[in-house]
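Participant: Could you look at this predicted model? Sequence included:
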Amino acid sequence: MNIPVAQRLQRIPPYPFREIAEIKAKMLAEGNEPIDFGIGDPDMPTPGFVIEALAEAAKDPATHPYDESGFGIPEFKQAVSEFMAKRYGAQVSPDGEVQGTIGCKEALAHIIWGYIDPSDVVLVPDPAYSVYKVQTTWCGGAAFPMPLRAENGFLPDFDAVPLPVRKAAKLMFLNYPNNPTGAVADLDFFTRAVDFARENEIIIVHDCAYSEVRYDGYATHSILEVEGAKDVAIEMHSFSKTFNMTGWRVAWACGGADFVAALSKTKSNIDSGTFMAVQHAGIAALANYDSFIGELNAEYQRRRDALVNGLNSLGWNIQPPKATFYVWVPIPANYATAADFARDLLAECGVLVIPGAVYGSYGEGFVRLSLTIKGDDKLAQINEAIERIRTRLTLKF
Ligand SMILES: Cc1ncc(COP(=O)(O)O)c(C=O)c1O
């Protein structure tokens, strides 16, 4: 049989990390294990208090059926509401302003399915996590890029969005702390974003997946800290990076009730929610946030400092990121493209990084290094990578 896949599937490229995973698998098969700064998937285990809560909850048959609420069990939504209030001073009602989701990725995709008809316009940062643009395209919508430039601190310039595009746009994606650039946004930026959305009748979808990976005591923000933000915004949070729970598929959306309702209606026609025992594990995770998060971030901070100091000793001038586990590195002047540099790093040094253009055309000229390094002795691997680059590549700045 030769039955073509749907045109909407033909229109989109393969999921970018699949290709990288394939290159890595090939290297491993040849006995060459790279020092892997590639995919941003925590290498540390899920904390014991989460695993124990899952095990306990899974023993209770009451957790085994469908979560018929479709929104997340009441205790989960209550825990989220309390976390948002305590951590950010943001008020979201567990009744109607919180939706449990099967990961942030799912929620980001489904909010687009809930709002975007063919030819609708979505404002999408460039570079960015691929889901915003790909799902917009999949729905037949048009993704309008908002460049994230170094000179603007990798924040979009709302004034640069042409008037007709502003007026046509239905959704705008923001993501701070940012993947891939590691940039953060302050409350002044979020206030301007809310004003822009209100003036132009645009819903902001703020992807907060990296909100808790932060350094030097830096306090990241929720857009819901801005007065009146719930009129224009929905925010996606996740347990994945905060608690080393990427495989668990548990997250939440919160914000304006209409936006949460649109997401809920979309989801209820597609999935049946997160396993209730996993939701109980999520509740335990949030309850232990204060005692856990410092330890997690101290480990990433050691790696960040080793990597940034090492790269700077080779001639770069990189500011350490204040949040996320990503270091966004401009390519040396003697390389034409990020792909060329990434290829040399892999072939000559056995160092795997992601070329920035994978995240959009404005990512060209940069490579992303993730601090989630697999294998033993992370600092030794970082130092080894730096030494290989020092001795095997010629770099001009
Ligand atoms: C910006 C961004 N948003 C969302 C996600 C997905 O998070 P989750 O595991 O909760 O689906 C990722 C994963 O890498 C990401 O980089």
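Facilitator: All right, it came through fine.
Participant: The stretch 1-150 of the chain against the ligand: which residues are in contact?
Facilitator: Where the stretch 1-150 of the chain comes near the ligand, counting by CB under 6 Å from any ligand atom, the residues are 40, 103-105, 129. C-beta here means a position set from N, CA and C on the backbone, and glycine is covered the same way.
Participant: how distant is stretch 32-43 from the center of its chain?
Facilitator: Stretch 32-43 sits 17 Å away from the centroid of its parent chain (CA atoms, centre = their mean, to the nearest Å).
Participant: wait, I meant stretch 311-329
Facilitator: For stretch 311-329, the distance to the chain centre is 18 Å (CA atoms, centre = their mean).
Participant: That one near the ligand anywhere?
Facilitator: No: under the criterion of CB under 6 Å from any ligand atom, the ligand is not reached by stretch 311-329; the shortest gap measures 8.7 Å.
Participant: Between the two ends of that stretch, how far is it?
Facilitator: From its first residue to its last, stretch 311-329 covers 9 Å (CA to CA, to the nearest Å).
Participant: Give me the buried stretch members for that stretch, please.
Facilitator: Neighbour counts over stretch 311-329 (16 or more other CB atoms under 10 Å) mark 311, 321-329 as buried.
Participant: Mind picking the two most distant members of the residues you listed?
Facilitator: Using CB to CB, the pair of those lying farthest apart is Leu311 and Ala323, separated by 18.4 Å.
Participant: So which of the residues of the stretch 1-150 of the chain next to the ligand is the closest to Thr46?
Facilitator: Gly103 (14.4 Å).
Participant: quick one: contacts for the closest one?
Facilitator: By CB atoms under 8 Å, 6 or more residues apart in numbering, the residues touching Gly103 are 238, 240, 249-251.
Participant: Show me what secondary structure element comes after the lowest-mean-pLDDT helix or strand in the chain.
Facilitator: Least confident helix or strand of the chain, by mean pLDDT, DSSP states H and E, is helix 16-29 with a mean of 74. Counting by DSSP states H and E, the next helix or strand C-terminal to helix 16-29 is strand 35-36.
Participant: What's the local residue count around Glu364?
Facilitator: Around Glu364 there are 17 other residues, counting by other CB atoms under 10 Å.
Participant: Looking at the stretch 251-397 of the chain, what residue ends up closest to the ligand?
Facilitator: Nearest to the ligand, among the residues of the stretch 251-397 of the chain, is Ala251, at 4.4 Å (CB to the nearest ligand atom).
Participant: how many neighbours does that residue have?
Facilitator: A count of nearby residues for Ala251, using other CB under 10 Å, gives 26.
Participant: is it true that it touches Leu108?
Facilitator: No: contact criterion CB atoms under 8 Å: Ala251 and Leu108 do not qualify, at 9.7 Å.
Participant: neighbours of Lys77, just the number please.
Facilitator: Neighbour tally, Lys77, other CB under 10 Å: 25.
Participant: ok, the residue of the stretch 251-397 of the chain closest to the ligand - contacts?
Facilitator: Ala251 makes contact with 100-104, 106-107, 209, 236-240, according to CB under 8 Å, 6+ apart.
Participant: okay, now the closest residue to it other than its chain neighbours: neighbour count?
Facilitator: Nearest residue to Ala251 in three dimensions, chain neighbours excluded: Ser238, at 4.0 Å (CB to CB, 6 or more residues apart in numbering). Using other CB under 10 Å, Ser238 has 26 other residues around it.
Participant: what two of the residues of the stretch 1-150 of the chain next to the ligand are the furthest from one another?
Facilitator: The largest separation in these, counting by CB to CB, is between Gly40 and Gly103 at 13.8 Å.
Participant: Pass me the low-pLDDT residue ranges in this protein, would you?
Facilitator: Within the chain, the stretches with pLDDT under 70 are 15-21.
Participant: coming back round to it: tell me which entries of the contacts of Ala251 lie within strands.
Facilitator: In this view, the contacts of Ala251 that belong to strands under DSSP state E are 100-101, 236-238.
Participant: And the residue nearest to Ala251, how close does it get to the ligand?
Facilitator: From Ser238 across to the ligand, the span is 3 Å (CB to the nearest ligand atom, to the nearest Å).
Participant: ok, of the contacts of Gly103, which one's closest to Asp271?
Facilitator: Of all the contacts of Gly103, Arg249 has the smallest distance to Asp271: 10.1 Å, by CB to CB.
Participant: who touches that closest one in this structure?
Facilitator: By CB under 8 Å, 6+ apart, the residues touching Arg249 are 102-103, 106, 274, 278.
Participant: Spatially, which two of those are the most separated?
Facilitator: Greatest spatial distance among these (CB to CB): Glu106 and Val278, at 13.5 Å.
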